[in-house]
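> next input, structure requested:
(one chain, ligands or ions: 1)
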Amino acid sequence: MTLKSGEANQRFNNAGVAGIIASPFCLSPVTMRDAESSSTDRPLPCIGRHTLPNRVILAPMAGVTDRPFRQLCRELGAGLVVSEMVIADSKLWHTRKSRQRLVHRGEPGPRSVQIAGGDPQMLAEAARLNAEAGAEIIDINMGCPAKKVCNKAAGSALLRDERLVAEILDAVVAAVEIPVTLKIRTGWCDQTRNAERVARLAEDAGIAALAVHGRTREQRYQGEAEYDTIAAVKQQVSIPVFANGDVTTPQRAADVLAYTGADAVMIGRGAQGNPWLFREIEHFLRTGETLAPPSAEEIATTMRRHLQALHEHYGDYLGVRVARKHVGWYLATRDPGREWRARFNRLEQVKQQFDFLHELFRGDFAAIGNGTHAA
Ligand SMILES: Cc1cc2nc3c(=O)[nH]c(=O)nc-3n(C[C@H](O)[C@H](O)[C@H](O)COP(=O)(O)O)c2cc1C
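Model prediction:
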């Protein structure tokens, strides 16, 4: 099947959005085979005792899916949000960055915390400590392209060693009572796409759900995500499978779900500066209708609340700096002009940042436009 919808073919220019994407990723037509069943015919995915309210999940993104952003995405329709990864070695948890990432208590459930590392026992211990600290789901990172964490192979580098993968999965599942999920890529490189075998290992080990990013580790974030491997993985296992990679519109989400048979889509970069995407996808999947984009008033209110939450979470100094990234994404996806971004990045004070938003949305909201995305 070829995706023909205007939305699927629409170029979604996310250049520089993640700070790690070298070139714009675009949604050009993709060849797909016919879907056998509509996603809405299937029951909603369950992770252990947690039934997700819908099929739209926020992907873990280090430096992005902090508590304020998770909260926002949840409010705007994400059925599950996954924290930034926490390094498995608990000896490193005293750093400010780690401490901030470990705060989950009081967040609405289910709280999914991602751990990263390459040592089975260390990962097991990290899972146990996070469960004690309030995590309700542990997610293991085998998808991140970073080669090493603490001098050990970690993230997607683990996919090259299936024995170690199995040891890690067994150790972590045995360490906690709560469900454990796994996030992988399709393999290390084109020649070694082993996602199907890893998926079977995961199911055998008692992993409760599996997210697959449709790229190999070698691809990093280049090229387009492919969904054939995700469809093949779905055929191999009976645990829920989440399709990840380049889902940036409701139509694309529906097409990917139909094509892969996956139980949910997982969204990363598409949510940066556009947390409304979750409710738009949820609505489209449920009704087949396109939800109106957020009004300029709603964008303004959301950005203000997000800014405030960042200042509160990180404190003034760091909050001002973290806000630059998020506000940059809001502006990039709604393009009021580059000079606005450059100006925001120069601001050093909390009050200056709020004054900036006031100016941006003053009067008839001319600067930001009304729910329009940059092409
Ligand atoms: C800034 C950034 C940070 C990321 N950090 C993580 C991470 O900590 N753990 C992880 O498993 N994946 C991480 N990823 C990968 C995403 O979860 C996701 O698999 C990838 O971005 C593809 O999905 P997308 O096309 O919807 O962005 C990160 C991606 C980005 C852009």
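> residue of the chain nearest the ligand, please.
Gly268 (2.7 Å; Cβ to the nearest ligand atom). Using the backbone N, CA and C atoms, a C-beta is placed for each residue, glycine as well.
> show me what from the stretch 201-350 of the chain comes close to the ligand.
Taking Cβ under 6 Å from any ligand atom as the criterion, the stretch 201-350 of the chain approaches the ligand at residues His213, Asn244, Gly245, Asp246, Val247, Ile267, Gly268, Arg269, Gly270.
> repeat that with 5 Å
Selection of the stretch 201-350 of the chain residues close to the ligand by Cβ under 5 Å from any ligand atom yields His213, Asn244, Gly245, Asp246, Ile267, Gly268, Arg269.
> residue contacts, the second one?
Looking back up the chat, that one is Asn244. Residues in contact with Asn244, defined by Cβ atoms under 8 Å, 6 or more residues apart in numbering, are Ala59, Gly143, Lys183, Ala211, Val212, His213, Gly214, Ala225, Val265, Met266, Ile267, Gly268.
> go with 6 Å
Each residue near Asn244 by Cβ atoms under 6 Å, 6 or more residues apart in numbering is listed here: Ala59, Ala211, His213, Met266.
> ok, the first one to Ile267 distance?
Here the criterion is Cβ to Cβ, to the nearest Å. By it, Ala59 lies 6 Å from Ile267.
> go on, the third one?
Between His213 and Ile267 the distance is 11 Å, computed by Cβ to Cβ.
> all helices for the chain, in order.
In the chain, helices defined by DSSP state H lie at 6-9, 67-75, 96-101, 120-132, 162-175, 195-205, 228-236, 250-260, 277-287, 296-334, 338-346, 350-360, listed in chain order.
> what would those helices look like in JSON lines with mean pLDDT and mean neighbour count?
Putting these into JSON lines (pLDDT from 0 to 100; neighbours: other Cβ atoms under 10 Å) gives the following:
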{"stretch": "helix 6-9", "mean pLDDT": "32", "mean neighbour count": "16"}
{"stretch": "helix 67-75", "mean pLDDT": "97", "mean neighbour count": "21"}
{"stretch": "helix 96-101", "mean pLDDT": "62", "mean neighbour count": "14"}
{"stretch": "helix 120-132", "mean pLDDT": "94", "mean neighbour count": "20"}
{"stretch": "helix 162-175", "mean pLDDT": "97", "mean neighbour count": "19"}
{"stretch": "helix 195-205", "mean pLDDT": "97", "mean neighbour count": "20"}
{"stretch": "helix 228-236", "mean pLDDT": "97", "mean neighbour count": "20"}
{"stretch": "helix 250-260", "mean pLDDT": "98", "mean neighbour count": "24"}
{"stretch": "helix 277-287", "mean pLDDT": "98", "mean neighbour count": "20"}
{"stretch": "helix 296-334", "mean pLDDT": "95", "mean neighbour count": "18"}
{"stretch": "helix 338-346", "mean pLDDT": "92", "mean neighbour count": "14"}
{"stretch": "helix 350-360", "mean pLDDT": "95", "mean neighbour count": "16"}
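> out of these, nearest to Arg42?
Closest of those to Arg42 is helix 250-260, at 9.1 Å (criterion: Cβ to Cβ).
> next, the angle from that closest one to helix 277-287.
Going by axes from the mean of the first three to the mean of the last three Cα atoms, to 10 degrees, helix 250-260 is angled at 60 degrees with respect to helix 277-287.
> possible to save the helices of the chain as a markdown table with distance to His50?
Putting these into a markdown table (distance: least, Cβ to Cβ, whole Å) gives the following:
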| stretch | distance to His50 |
| --- | --- |
| helix 6-9 | 30 |
| helix 67-75 | 13 |
| helix 96-101 | 21 |
| helix 120-132 | 14 |
| helix 162-175 | 16 |
| helix 195-205 | 18 |
| helix 228-236 | 20 |
| helix 250-260 | 20 |
| helix 277-287 | 17 |
| helix 296-334 | 24 |
| helix 338-346 | 38 |
| helix 350-360 | 36 |
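> neighbour-wise, give me the winner out of the contacts of Asn244.
Sorting the contacts of Asn244 by how many neighbours each has (other Cβ atoms under 10 Å) puts His213 first, at 29 neighbours.
> report the beta-bridge partners for the nearest residue to it once chain neighbours are set aside.
Excluding its sequence neighbours, the residue lying closest to His213 (Cβ to Cβ, 6 or more residues apart in numbering) is Asn244, at 4.4 Å. Listed by DSSP bridges, the beta-bridge partners for Asn244 are His213, Met266.
> OK, contacts around Gly187?
Neighbours of Gly187 in contact, by Cβ under 6 Å, 6+ apart: Leu159, Arg193, Asn194, Ala195, Thr216.
> and those, which is the shakiest by pLDDT?
For the contacts of Gly187, the weakest pLDDT value sits at Leu159, with 88.
> quick one, what contacts that one?
Residues near Leu159 by Cβ under 6 Å, 6+ apart: Met142, Gly187, Trp188.
> tell me the pLDDT of the most centrally placed residue in the chain.
The C-alpha lying nearest the average C-alpha coordinate of the chain belongs to Ala59 (Cα atoms, centre = their mean; 1.6 Å). Confidence at Ala59, expressed as pLDDT, is 97.
> nearest residue to it in space, please, no chain neighbours.
Closest residue to Ala59 in three dimensions, ignoring its sequence neighbours and counting by Cβ to Cβ, 6+ apart: Gly268, at 3.7 Å.
> pLDDT score assigned to the one you found?
pLDDT, read off for Gly268, is 98.
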